[in-house]
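[1] turn this into a model:
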Amino acid sequence: MSFCPNCGGQVQTIETFCVSCGKRLPENINKRKLPIKPSKKWWLLPVISLILASCIIGFAFFATKYQSDQALAYYEEGAEMALIGDYEQSMTLLEHALDYKENFPSANEVIAFLNVAMEVEADFEQVETLNEQNKFEESLKIIRESEADLQKFSGDLTDQMMEQNIATKNQTLLKQATYRLNNEPTTDDLKALIWEIEDITHDQAAELQEEVHQKLISMTYQEATALLEDFQFSQALHVIEDTLKVVESSEQLESLKTTVNKEKTAFESAQEQRIEQALSAFEEEQELNESHAIELIDIQLQEEKDNWIITGQLKSVATVPIHSILVSYSIQDKEEDSILENDVYVFPETLYPDEVGNFEFTHFDVDADYERITPKVEEITWYLE
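    Residues are numbered from 1 along each chain as shown. Predicted structure coming up:
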């Protein structure tokens with residue numbers, strides 16, 4: 001007996017189509033022997049599918065939750081390592097976190113920061129080396145670049161690194177200021193240094209600033225004292241007042257300022273007296289040169305036959321050269337009556353101070369009947385150079 005494999009109806013061996021359902025029968029007779037009965041448990045399939053789906057979803061949920069929890073745990077531990085400065089260990093933990101959870105923006109951001117932080121740490125070491133070589137400008141350039149890199153991030157880690165960067169900057173500025181203080185600064189250098197130290201936040205900044213103040217006061221005192229000794233009172237006062245604008249107060253400089261003012265007043269008074277004395281001396285000298293510039297040394301008369309020869313010497317007591325010296329003389333008899341008068345020029349033509357000049361004149365064919373004749377200088381005139 002054969003059956004239709006489609007509907008289970010009984011069929012004949014010789015039949016090609018099922019008379020019950022009309023479908024084509026298999027040619028293989030063996031496939032017609034056992035009927036295929038419709039399943040009465042069709043509802044089990046969706047239930048089983050639902051159960052399987054729930055299991056898969058539940059497994060996926062718990063697996064995802066486990067991975068997230070592990071990633072978070074590694075992230076938190078990595079963040080703690082970063083806060084205490086163990087950046088390499090922090091980097092390892094954060095990479096483990098990404099192994100559990102690839103899409104983890106916070107971990108990626110911290111890793112990016114750690115890369116910068118480790119570069120900044122290396123920069124700090126380089127800055128320390130440069131500071132030992134007194135290459136402070138190079139150090140400050142590196143610090144500024146590090147600060148610019150850190151400003152791209154935010155958070156506790158960034159704040160911590162920024163504080164360290166600022167501390168390194170202040171330390172560098174302090175070392176730079178100390179170096180400049182100890183290497184023969186000028187007063188202008190010290191004044192600029194005072195303003196720079198005011199911007200440094202460091203425990204030793206106040207002490208260093210006081211050292212700069214004292215050195216500036218000392219150098220100003222020395223400079224002003226040297227100017228005072230050279231009677232440059234105005235310049236000395238300018239130096240003192242310029243420093244007092246920076247140091248605000250200094251008993252030593254205020255006292256020196258008072259001294260300079262007193263010395264200035266005394267010097268000006270003495271100068272006025274000296275000017276008055278000089279003018280008076282000049283007037284006296286001028287009067288001397290104009291009225292008493294010549295001192296007569298000698299005048300003689302020699303008789304040779306009918307000739308009278310007059311000779312004489314005089315000396316310049318003027319303080320300036322005099323020239324064109326004219327001697328007016330007379331020849332007198334024993335009653336001191338003038339027999340004749342004459343003028344003669346002195347030679348050399350110009351006499352310098354303390355120089356001696358001569359004069360000579362011969363009177364020819366004179367009456368020799370006079371007795372006891374004597375020459376007498378009546379007047380001497382001259383011109384000043």
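
[2] report the buried residues of stretch 144-163.
    For stretch 144-163, a neighbour-count test (16 or more other CB atoms under 10 Å) marks Ser146, Glu147, Asp149, Leu150, Phe153, Leu157, Thr158, Gln160, Met161, Met162 as buried. C-beta here means a position set from N, CA and C on the backbone, and glycine is covered the same way.

[3] between these, which is closest to Ile240?
    Glu147 (40.8 Å; CB to CB).

[4] tell me the first helix or strand C-terminal of the helix or strand harbouring Glu163.
    In the assignment (DSSP states H and E), Glu163 maps to helix 156-181. Note on helix 156-181: by DSSP H and E, the next helix or strand toward the C-terminus is helix 187-198.

[5] which strands and helices sit next to that following helix?
    Contact here means 3 or more CB pairs under 8 Å, 6 or more residues apart in numbering; DSSP states H and E; on that basis helix 187-198 packs against helix 156-181, helix 205-229, helix 233-247.

[6] can you count the residues close to Leu174?
    19 (other CB atoms under 10 Å).

[7] can you pull the contacts of it?
    Contact analysis of Leu174 by CB atoms under 8 Å, 6 or more residues apart in numbering lists Ile200, His202, Gln204, Ala205, Leu208.

[8] can you flag the buried ones in those?
    The buried subset of these (16+ other CB under 10 Å) comprises Ile200, His202, Ala205, Leu208.

[9] going along the chain, name the helices of the chain.
    Along the chain, the segments classed as helices by DSSP state H run 44-83, 87-100, 105-132, 136-150, 156-181, 187-198, 205-229, 233-247, 251-291.

[10] so which of those gets nearest Leu384?
    helix 251-291 (5.7 Å).

[11] quick one: list the elements packing against the closest one.
    With contacts taken as 3+ CB pairs under 8 Å, 6+ apart, helix 251-291 sits against helix 205-229, helix 233-247.

[12] quick one: buried residues of the first one?
    Pointing back at helix 205-229 there. Those would be 205, 208-209, 211-213, 215-217, 219-221, 223-224, 227-228, for helix 205-229 by 16+ other CB under 10 Å.

[13] also the shortest one?
    By 16+ other CB under 10 Å, the buried positions in helix 233-247 come out as Phe233, Ala236, Leu237, Val239, Ile240, Thr243, Leu244, Val246, Val247.

[14] could I get those as TSV with distance to Glu268 and pLDDT?
    Converted to TSV, those look like this (distance: CB to CB, whole Å; pLDDT from 0 to 100):
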residue	distance to Glu268	pLDDT
Phe233	8	93
Ala236	14	95
Leu237	13	94
Val239	19	95
Ile240	18	94
Thr243	24	93
Leu244	23	92
Val246	29	91
Val247	29	89
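
[15] just put the residues you listed in CSV and tack on distance to Asn134.
    Putting these into CSV (distance: CB to CB, whole Å) gives the following:
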residue, distance to Asn134
Phe233, 40
Ala236, 35
Leu237, 37
Val239, 30
Ile240, 33
Thr243, 27
Leu244, 32
Val246, 25
Val247, 27
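
[16] on that earlier part again, nearest to Glu285, out of the helices and strands packed on helix 187-198?
    With CB to CB as the yardstick, what comes closest out of the helices and strands packed on helix 187-198 is helix 233-247 (30.4 Å).
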